[in-house]
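>>> Here's a sequence, model it:
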Amino acid sequence: DINDSYTDPLVITMPGMDGKDSQVLSLTYSVDTPLPSENGFWSKLKGFDASEYDHLQFELKGDEAKGFTDIFKIEIKKPKPKTEHAAGDAYVVREGQIETIKGSARVKVSPEWQTISIPLNKMTGLINFLDPEAWTNPSISRKDLDELVIIFHKRMVTKPKGKIYIDNLRFVKTGNPGPTAVDFPPRKIEKTETRIEGFEFQKFLKTRLNGFPEKAVVKKVFPEDRDALFREVAADTWKFFENIVDKELGLPLDTIQITPEGDNAFAEGAWIGDYTNVTNIGVYLMCIVSAYDLKLITKEQAVEKLKTTLNTLENKLEYHSSGFPYNYYDTTTGERTNYLVSLVDSGWYLAGLYVVKNTFIEVKEQATRLIDRGHLSFFYDSVERQMFHGFYDHLQVYSDYHYGVFYSEPRASSYIGIARGDVPKEHWYGGLPRTFPLSFDWQGQTPKDQFEKTALGLPYIGGYYQWKDLKYVPSWGGSAFEGLMPTLILKEKELAPEGLGKNNAMHVQGQIRFAMEEKKYPVWGMSPSSVPEGGYSEYGAHPFGSKGYKAGAVTPHASILGVEYAPEEVEKNLRKLVELYDVYGEYGFYDAVNPETGVVARKYLALDQGMILVALNNYLNKGAIRERFHSDPEMKKGEELLTAENLFSKDNFQP
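You can find the predicted model right below:
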């Protein structure tokens with residue numbers, strides 16, 4: 001290839017594992033080049049249905065005379081099934097390209113023949129988690145297999161050139177498929193002495209809370225003053241965290257559903273989701289601090305709440321051996337409810353701990369102990385220079401996918417990892433593309449000014465998109481959450497006025513103008529949220545994402561995340577929302593509204609409520625949460641990542 005690397009495949013006759021002559025695939029590879037390189041061997045599977053099989057097997061050995069790598073990667077690819085936000089008929093197609101999903105495994109090589117047996121259940125990337133059937137029958141994800149790929153990556157191989165032999169590649173049914181990515185841990189604790197279901201169970205869960213809304217709809221009349229309006233919304237939003245938290249464990253519940261119809265908030269149809277993830281917990285910690293900043297609670301009340309939650313985190317929850325919590329927990333029993341250890345959620349968990357550590361001396365020592373339990377290097381893939389989505393404890397494999405977009409929510413976790421010294425700086429530049437290569441013709445538009453730049457002495461590829469007169473580095477889906485949630489803790493506006501700060505401003509304008517100019521909505525703000533008609537989905541301002549989510553529901557948190565960049569527009573939007581729709585309840589704005597039909601999702605989600613409260617606190621109190629986060633000596637070390645880059649300069653930029 002252009003980087004002077006190659007893999008030469010040949011079919012040769014040689015003694016196989018049983019000593020008899022066999023037709024063997026010989027792969028001579030080289031990544032012995034000063035340039036970045038990877039190559040491999042591709043074989044078409046032609047839509048093969050492997051749903052009846054549970055393992056991929058083959059015989060393998062390295063060539064002692066020629067030398068060989070001790071490890072390589074093997075992938076199985078298939079077309080990505082159509083999702084509700086994707087274009088196309090059967091599959092996502094753009095200019096002849098078919099978007100694919102993949103499962104992978106890393107394979108170790110020895111000088112003697114050995115049988116490699118890879119459980120297909122460990123190739124978690126083949127599962128379409130949006131398909132309800134896959135949760136009960138994950139083997140359906142092994143249909144329509146299109147390609148098998150063997151990859152030699154310069155940063156993975158232990159020898160830059162050599163030769164390996166592969167024989168008898170086959171799919172087999174061993175009868176022992178092993179666990180799957182959709183399995184759940186067994187539950188050991190009963191919530192009630194006798195089993196109750198339906199609305200009676202919801203009544204029981206309500207007893208574990210400090211309160212619950214009484215009226216479903218509040219006809220809100222906001223004060224004329226902008227800041228007074230924002231303070232009132234913040235105070236109402238705090239009521240969620242004052243009440244929808246387990247009294248014993250101090251864990252915020254993920255979701256509550258208000259009665260879908262009528263004015264009684266708690267009647268048949270109301271629902272309490274007594275589960276949470278660790279992002280909710282991290283953001284809840286910031287919300288307690290925000291309530292203190294906004295004088296909604298006293299210091300003593302804040303410390304008491306924090307101690308309850310921190311004691312649960314330190315003494316009652318089961319942690320992974322990496323030192324990080326699992327992704328989901330039952331808020332009633334404290335049991336973990338899945339096997340995944342998640343990078344992005346662990347990052348927000350740490351962020352919340354850093355904020356409380358630097359706010360109240362009374363909890364500093366305990367927060368520090370929790371912070372020191374884990375290192376984000378656990379999630380870092382030095383081959384791809386990116387972060388794995390997570391780690392499946394019961395499968396003992398990392399996810400097949402990485403966070404590979406710069407302008408997205410996981411950059412907060414990346415910042416923390418680099419600032420702590422857990423992850424190298426090259427991850428920020430070499431691992432997180434500002435725009436994807438021109439050859440990725442599935443992306444929403446062709447990047448402009450895509451050339452090599454330098455920051456902190458490290459090379460990276462720049463580039464941007466343009467929609468009308470707005471220039472910006474895209475997120476993945478064009479949602480407010482992806483681009484703006486990191487601004488809750490990172491001083492991007494202050495420290496990166498020509499970098500991330502400017503990009504944030506462009507995305508806020510994009511949210512406003514796409515919704516109102518392009519879609520002709522009377523209100524704006526799109527981000528992953530509840531579907532007003534039921535369920536949950538991803539929404540975004542499509543041109544502002546490389547892939548681009550669909551338009552649809554408007555969610556209040558999306559506009560409030562932009563309050564520091566467009567306070568007047570946010571104020572007008574909130575007033576218009578309550579004028580046009582029954583979108584306000586006792587705990588503030590409901591999660592989403594369909595701007596065309598007026599249907600409202602009468603739900604409160606902990607994450608979305610938390611983003612609203614922390615964003616308003618930052619606006620009203622001069623970045624109070626960001627100040628606490630950046631005041632930590634470790635987090636301050638990362639500030640050069642923000643100051644070093646001019647995203648839109650045509651020249652190399654080196655401060």
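>>> Next one, pLDDT for the nearest residue to residue 32 once chain neighbours are set aside please.
Nearest residue to residue 32 in three dimensions, chain neighbours excluded: residue 160, at 3.9 Å (CB to CB, 6 or more residues apart in numbering). The C-beta positions use only the backbone N, C-alpha and C, and glycine is treated the same way. We have a pLDDT of 97 for residue 160.
>>> check contacts around residue 160.
By CB atoms under 8 Å, 6 or more residues apart in numbering, residue 160 lies in contact with 30-32, 154.
>>> Pull the number of nearby residues for residue 470.
17 (other CB atoms under 10 Å).
>>> In space, what's closest to it - neighbours in sequence excluded?
Residue 470 sits nearest to residue 506 (CB to CB, 6+ apart), 5.1 Å away.
>>> Which one (most neighbours) among the contacts of residue 160?
Neighbour max across these (other CB under 10 Å) = residue 31, 24 neighbours.
>>> tell me the contacts of it?
Residue 31 touches 5, 37-39, 152-154, 157, 160-161, counting by CB under 8 Å, 6+ apart.
>>> mind putting those in JSON lines, secondary structure and distance to residue 356 included?
Below are the contacts of residue 31 laid out as JSON lines (DSSP: H, G, I helix; E, B strand; the rest coil; distance: CB to CB, whole Å):
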{"residue": "5", "secondary structure": "coil", "distance to residue 356": "49"}
{"residue": "37", "secondary structure": "coil", "distance to residue 356": "46"}
{"residue": "38", "secondary structure": "strand", "distance to residue 356": "43"}
{"residue": "39", "secondary structure": "strand", "distance to residue 356": "49"}
{"residue": "152", "secondary structure": "strand", "distance to residue 356": "46"}
{"residue": "153", "secondary structure": "strand", "distance to residue 356": "41"}
{"residue": "154", "secondary structure": "coil", "distance to residue 356": "43"}
{"residue": "157", "secondary structure": "coil", "distance to residue 356": "44"}
{"residue": "160", "secondary structure": "coil", "distance to residue 356": "48"}
{"residue": "161", "secondary structure": "strand", "distance to residue 356": "52"}
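>>> out of those, which is most surrounded?
Most surrounded of the contacts of residue 31: other CB under 10 Å gives residue 152, at 27 neighbours.
>>> Surely it and residue 38 touch.
Yes - at 6.5 Å, residue 152 counts as touching residue 38 under the criterion of CB atoms under 8 Å.
>>> show me where the stretch 351-500 of the chain has helices.
For the stretch 351-500 of the chain, applying DSSP state H, counting those that start in this stretch gives helices covering 361-371, 411-420, 426, 480-484, 492-495, 500-513.
>>> Just give the number of residues close to residue 26.
16.
>>> is it true that it lies in a helix?
No - in this structure, residue 26 is strand, not part of a helix, as judged by DSSP: H, G, I helix; E, B strand; the rest coil.
>>> That one is in contact with residue 9, isn't it?
Yes - contact criterion CB under 8 Å: residue 26 and residue 9 qualify, at 7.1 Å.
>>> show me what contacts the nearest residue to residue 355 once chain neighbours are set aside?
Once flanking residues are discounted, residue 355 sits nearest to residue 628: 4.7 Å by CB to CB, 6+ apart. Contact analysis of residue 628 by CB under 8 Å, 6+ apart lists 289, 354-355, 358-359.
>>> On the three-state scheme, residue 344 is what?
Classified using three-state DSSP, residue 344 is helix.
>>> That one and residue 211: what is the separation?
Distance of residue 344 to residue 211, given as CB to CB, to the nearest Å: 31 Å.
>>> same thing with residue 187?
27 Å.
>>> try residue 20
From residue 20 to residue 211 the distance is 75 Å (CB to CB).
>>> next one: residue 504
For residue 504, the distance to residue 211 (CB to CB) stands at 35 Å.
>>> Same question for residue 497.
43 Å.
>>> Mind listing the shared neighbours of residue 152 and residue 38?
With CB under 8 Å, 6+ apart as the test, residue 152 and residue 38 both reach 5, 31.
>>> how many neighbours does the nearest residue to residue 551 once chain neighbours are set aside have?
Once flanking residues are discounted, residue 551 sits nearest to residue 519: 5.3 Å by CB to CB, 6+ apart. Residues within reach of residue 519, counting by other CB under 10 Å, total 17.
>>> wait, isn't residue 285 in contact with residue 357?
No - here residue 285 does not reach residue 357: they are 9.6 Å apart, not a contact under CB under 8 Å.
>>> Give me the buried positions along whichever strand or helix holds residue 305.
Assessed by DSSP states H and E, residue 305 sits inside helix 299-315. Using 16 or more other CB atoms under 10 Å as the test for burial, helix 299-315 gives 302-303, 305-306, 308-310, 312-313.
>>> Which strands or helices does that helix pack on?
Helices and strands touching helix 299-315, by 3 or more CB pairs under 8 Å, 6 or more residues apart in numbering; DSSP states H and E, are helix 278-293, helix 361-371.
>>> For the last one, buried residues please.
By neighbour count, with 16+ other CB under 10 Å as the criterion, the buried positions of helix 361-371 are 363, 366-367, 370-371.
>>> if we can go back for a sec, ok, now which ones touch the residue nearest to residue 470?
470-472.
>>> Tell me the spacing between it and residue 407.
Taking CB to CB, one finds residue 506 at 10 Å from residue 407.
>>> Mutual contacts of these two, please.
Shared contacts of residue 506 and residue 407 (CB under 8 Å, 6+ apart): none.
>>> show me where pLDDT drops low in the stretch 51-200 of the chain?
Low-confidence segments of the stretch 51-200 of the chain (pLDDT under 70): 82-98.
>>> what about the strands in the stretch 201-350 of the chain?
255-257, 271-273, 275-277, 328-330, 340-342 (DSSP state E, counting those that start in this stretch).
>>> no wait, the stretch 501-650 of the chain
Using DSSP E, counting those that start in this stretch, strands in the stretch 501-650 of the chain cover 529-530, 536-537, 584-585, 588-589, 592-593, 600-601, 603-605.
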